[in-house]
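*Asks:* here is my input; please provide its structure:
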Amino acid sequence: MNNALLNQRLQQALGYTFSRPDLLTQALTHRSYGATNNERLEFLGDSVLNCSVARALYDAFPDLPEGSLSRLRANLVRQETLAEIAATLQLGDSLRLGEGELKSGGFRRPSILADALESLFGAVFLDAGFDAAQRVVRGLFDPLVAKIDPRASGKDAKTQLQELLQSRRLPLPEYHLVDTEGEAHDQSFIVECVLTKPAINTRGVGKSRRAAEQEAARLACEQLQK
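*Replies:* All right, here's what the predicted structure looks like:
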């Protein structure tokens, strides 16, 4: 698929069409490709992202104090979450990378994907203003906000599972990579979470090994709390 079609697909996935295609191109350009790259757009996009997610959490959880909201936001805007979203958008296919990064698989590196996603938010901000950029961010993050259990106070699933087991004086879980599926540019990881007492075995699937571990831990938490 050529670059024009890839960029069109990406814009459809974002729910936004750029009036200035040069901003989209810049947002997708890694520093390894050339001097005109996405680093400055990433700076803008980071601020847009944090403000938009903060507003989403503020609206969704009117009773939570500032500290809990901050922890929830930190969990949502971390590199892993951004890279997962970028992977669902197939953002790596559209990136412009230098030869070295291409050879080393930079199009699926979490740090590069996360930075590029933030750069897209910055590019939308310059293209059409904050409201448009916020709509793009909210379109991607509102489904994640809707899944949050505020009682977890922003802790990830692996931390919750560990603390739950420790509170019951039970052995800690073990995580094993079971399999990987898909093409190199769009892989899914399957990870098993094994508890010996009680005997619980769950499997999680994710676009990174860590994400799959988190999903397996979440499922184990659910079973442990039944």
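
*Asks:* next SSE downstream of the helix or strand of the chain with the lowest mean pLDDT?
*Replies:* Least confident helix or strand of the chain, by mean pLDDT, DSSP states H and E, is helix 99-103 with a mean of 80. For helix 99-103, the following helix or strand on the C-terminal side (DSSP states H and E) is helix 110-128.

*Asks:* can you give me the helices in the chain?
*Replies:* Taking DSSP state H as the criterion, the chain carries its helices at 3-14, 21-27, 39-60, 66-76, 79-88, 99-103, 110-128, 130-146, 157-167, 209-224.

*Asks:* next, the buried residues of the fourth one.
*Replies:* For helix 66-76, a neighbour-count test (16 or more other Cβ atoms under 10 Å) marks 68-69, 71-73, 75-76 as buried. All C-beta spots, glycine's among them, are computed from the backbone N, C-alpha and C.

*Asks:* and of the residues you listed, the nearest to Asn37?
*Replies:* Set against Asn37, the nearest of the buried residues of helix 66-76 by Cβ to Cβ is Leu76 (25.6 Å).

*Asks:* for the closest one, what are its contacts?
*Replies:* 53, 57, 141, 144-145 (Cβ atoms under 8 Å, 6 or more residues apart in numbering).

*Asks:* now the least confident helix or strand of the chain: buried residues?
*Replies:* Glu101.

*Asks:* distance of the residue of the chain most remote from its centre from Lys197?
*Replies:* Outermost residue of the chain with respect to the C-alpha centroid, by Cα atoms, centre = their mean, is Arg169; its distance is 32.7 Å. Distance of Arg169 to Lys197, computed by Cβ to Cβ, to the nearest Å: 10 Å.

*Asks:* over to Arg40?
*Replies:* 53 Å.
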